[in-house]
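Peer 1: starting from these lines, generate the structure:
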Amino acid sequence: MDNRPIGVFDSGLGGLTVVKALKELLPNESIVYFGDTARLPYGIKSKDLVEQYSKQITKFLIKKDAKIIVVACNTATAMALNRLKKDFKNVPIIGVIEPGSKQAISKTSRGKIGVIGTIATIKSKAYEISIKNKDKNVDIISKACPLFVPFVEEGLTNGDAINQVAKHYLSSFKNKVDTLILGCTHYPLLKSVISKITKQITLIDSASVVATDAHKKLQYHKLLNQGVQKGTLHCYVTDLPMRFEELGNIFLGEEIKNLHLLNDF
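Peer 2: I've put the predicted structure just below:
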């Protein structure tokens, strides 16, 4: 039995959607979550800077005795996952792009897949590469939606402003794709807004698939906690954004009890 925690990180609070899926699938596993709220969004930053931040956070989670690292951030997965795997070979590390790509391919009916994400994720072409490696015949349309993350982080997940922004970003997908990957863990909180504009398009939220992937990795490396006691969740953030508790509750679906602010990170 391995009762060490699962380490999860994101640029902000979006990765709590992955934490929620992990808690549902593996209720007896403890989780340490790191939200880099002082330095978000990652999606407009350089590859070198995202790698630097991701390495800092991974070191922090390993110090917290994490037995596996889940990069619950599409930008960090796209820009830093390979570097993390090279630099931290003793800890299994998984990202969100591969599981999301697999699910999209399994769901598409016409081989027409759309991807929305941060500027950095879209520029990296990580989803396109991942999908094409699995099925060369799929057509992919990608679009950066940089305003989505700050809207979500401010709790503006409905109303005229976000509706207008979403319409501006997403109208071009109409009649061109049958499946749309929400290529950022913040975007599920905008699902109701996005679905109004993308009617008849299947939305792919990779959180549950990532949890399944983590479960398989834990099994393979014999790291599962076989105990029956419910796991704990500790959240570490580098800044307390506006309406943090309310937003955290929305992402996670429950109250965040063990919240720690890192002033000197």
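
Peer 1: residues near the closest residue to residue 161 other than its chain neighbours, how many?
Peer 2: In space, and not counting its chain neighbours, residue 161 is closest to residue 151: 7.5 Å by CB to CB, 6 or more residues apart in numbering. Every C-beta, even on glycine, is put in place using the N, C-alpha and C of the backbone. Neighbour count for residue 151, taken as other CB atoms under 10 Å: 21.

Peer 1: what's the helix or strand hosting residue 151 in contact with?
Peer 2: According to DSSP states H and E, residue 151 maps onto helix 148-153. Applying CB atoms under 8 Å, 6 or more residues apart in numbering, the contact partners of helix 148-153 are 11-14, 37, 40-41, 43, 116, 118, 157, 161-162, 165-166, 169, 184, 186-187, 189-190, 241, 247.

Peer 1: what do you get if the cut-off is 6 Å, keeping everything else the same?
Peer 2: Where contact means CB atoms under 6 Å, 6 or more residues apart in numbering, the residues beyond helix 148-153 that reach it are 12, 41, 162, 186, 189, 241.

Peer 1: reformat those as a markdown table; add neighbour count and pLDDT.
Peer 2: What follows is the contacts of helix 148-153, written out as a markdown table (neighbours: other CB atoms under 10 Å; pLDDT from 0 to 100):
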| residue | neighbour count | pLDDT |
| --- | --- | --- |
| 12 | 28 | 89 |
| 41 | 24 | 87 |
| 162 | 19 | 98 |
| 186 | 30 | 87 |
| 189 | 24 | 87 |
| 241 | 17 | 68 |
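
Peer 1: closest one to residue 47 out of those, please.
Peer 2: Ranked by distance to residue 47 (CB to CB), those are led by residue 41 at 14.6 Å.

Peer 1: burial count for the closest residue to residue 211 other than its chain neighbours?
Peer 2: Leaving aside its chain neighbours, residue 211 sits nearest to residue 21 (3.8 Å; criterion: CB to CB, 6+ apart). Neighbourhood size, residue 21 [other CB under 10 Å]: 20.

Peer 1: what is the distance between the helix or strand of the chain with the lowest mean pLDDT and the centre of its chain?
Peer 2: Least confident element among the helices and strands of the chain, by mean pLDDT, DSSP states H and E: helix 244-252 (a mean of 82). Here the centre of helix 244-252 is set off from its chain's centre by 15 Å, with CA atoms, centre = their mean, to the nearest Å.

Peer 1: what's the end-to-end length of stretch 144-164?
Peer 2: 16 Å (CA to CA, to the nearest Å).

Peer 1: separation between residue 157 and residue 146?
Peer 2: As judged by CB to CB, to the nearest Å, residue 157 and residue 146 stand 16 Å apart.

Peer 1: circling back to that earlier point, which outside residues touch the least confident helix or strand of the chain?
Peer 2: 13, 16-17, 20, 155, 255-256.

Peer 1: got the residues you listed as TSV, with distance to residue 32, pLDDT and neighbour count columns?
Peer 2: Below are the contacts of helix 244-252 laid out as TSV (distance: CB to CB, whole Å; pLDDT from 0 to 100; neighbours: other CB atoms under 10 Å):
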residue	distance to residue 32	pLDDT	neighbour count
13	15	88	28
16	13	94	31
17	16	92	28
20	15	95	19
155	25	83	15
255	18	88	9
256	13	90	20
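
Peer 1: before we move on, back to that, now intersect the contacts of helix 148-153 with the helices, please.
Peer 2: Using DSSP state H, the members of the contacts of helix 148-153 that fall within helices are residue 162.

Peer 1: which non-adjacent residue is nearest residue 251?
Peer 2: Distances taken as CB to CB, 6+ apart place residue 16 nearest to residue 251, at 3.6 Å, with adjacent residues excluded.
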